[in-house]
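Trainee: pasting the sequence and the predicted coordinates here, then a few questions.
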Amino acid sequence: MKVGIFGANGRMGRVLIEAIEEHDDAALSLATVRDDSPWVGMNVGELAGIGKLPVDCSAVSQVNPDDVDVMIDFTLPAAFDTNLAWCVKHGKPVVIGTTGMSDAQLSALDKASESIPVVFAANYSVGVNLMLSLVRQAARALGQTADIEITEAHHRFKKDAPSGTAMAIGEAIADELDRDLKNCAVYGREGKEPERDQQTIGFATVRAGDIVGEHTALFADIGERLEITHKASSRLTFARGAVRAAVWLSDKTPGLYTMGDVIGLEK
């Protein structure tokens with residue numbers, strides 16, 4: 001199967017090149033960069049540091065849709081609209097790992113899924129998606145009495161906070177408890193505040209060094225607490241999951257799918 005990458009020069013783009021190259025059922029056929037990027041014409045293997053490969057980086061405006069079966073997009077919200085429109089125009093399935101998108105962009109994603117197959121996940125790690133299932137179980141058992149806090153840590157270069165994964169964890173818990181996360185989320189605390197409202201879900205964020213990604217959901221009651229934690233040590237974890245999703249998506253009908261669908265996890 002022919003797989004293409006939007007934003008091949010990004011941190012995840014380079015790791016995706018490596019993940020596609022090692023996958024038995026996927027072949028990298030297309031890698032795009034911005035039209036004004038100095039990486040136009042650069043060999044993708046040399047860009048990723050894994051040796052020369054038979055594909056060079058292409059400007060987005062020069063992409064041939066016949067060269068690809070499925071696209072993967074781990075770029076920034078600023079590039080999302082253009083990339084999604086290209087996939088819709090050419091009828092190409094797409095795996096999206098972009099985070100920090102606006103409500104309007106999420107609505108556009110829903111609309112696009114009516115005409116093309118889309119996998120959209122805040123995190124493509126198999127372990128994180130298992131965690132999303134586990135926090136739902138914990139919420140059912142403990143959520144009515146426990147205080148719930150979500151902590152996350154990433155590298156200093158990450159632009160959005162809290163992370164998309166932290167928000168997905170919060171959404172899973174809030175959904176299980178029939179709460180609206182927009183109304184019950186608390187993002188950081190400072191100064192003298194009223195006593196904690198048990199109905200809230202707290203978020204705390206760390207940005208430091210080269211941390212790949214760490215997430216903890218804490219359920220704390222009087223006398224006991226449960227912590228569910230996932231730690232990633234390599235971006236290849238996410239890239240391999242995204243390539244797995246791309247291969248899975250290749251024969252699907254239009255719709256909006258999750259990584260839980262890809263790996264067969266029940267909600």
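Mentor: Looks like it came in fine.

Trainee: first vs last residue of stretch 183-190, how far apart are they?
Mentor: In stretch 183-190, first residue to last residue: 19 Å (CA to CA, to the nearest Å).

Trainee: tell me the spacing between Met71 and Phe238.
Mentor: When distance is defined by CB to CB, to the nearest Å, Met71 is 16 Å away from Phe238. (C-beta placed from N, C-alpha, C; glycine too.)

Trainee: over to Glu18?
Mentor: Distance of Glu18 to Phe238, given as CB to CB: 12 Å.

Trainee: and if you look at Ala31?
Mentor: 18 Å.

Trainee: pick out whichever of those two has more residues nearby.
Mentor: Ala31 (31 against 25; other CB atoms under 10 Å).

Trainee: quick one: contacts for the more buried one?
Mentor: Under the criterion of CB atoms under 8 Å, 6 or more residues apart in numbering, the neighbours of Ala31 are 4-5, 8, 13, 17, 44, 47, 55-58.

Trainee: count of neighbours near Ser250?
Mentor: What Ser250 shows, counting by other CB under 10 Å, is a neighbour count of 16.

Trainee: quick check: the gap between it and Met1.
Mentor: Between Ser250 and Met1 the computed distance is 5 Å (CB to CB).

Trainee: anything in contact with each of those two?
Mentor: Overlap between the contact sets of Ser250 and Met1, as judged by CB under 8 Å, 6+ apart, is given by 69-70.

Trainee: list the contacts for the residue nearest the centre of the chain?
Mentor: Among the residues of the chain, the smallest C-alpha distance to the mean C-alpha position (CA atoms, centre = their mean) belongs to Ala122, namely 3.1 Å. Contact analysis of Ala122 by CB under 8 Å, 6+ apart lists 99, 163-165, 167-168.

Trainee: just those residues: which are in helices?
Mentor: 164-165, 167-168 (DSSP state H).

Trainee: how about those, which pair is most distant?
Mentor: Thr165 and Met167 (7.2 Å; CB to CB).

Trainee: more neighbours, those two?
Mentor: A side-by-side neighbour count of Thr165 and Met167, using other CB under 10 Å, places Thr165 first with 27 against 20.
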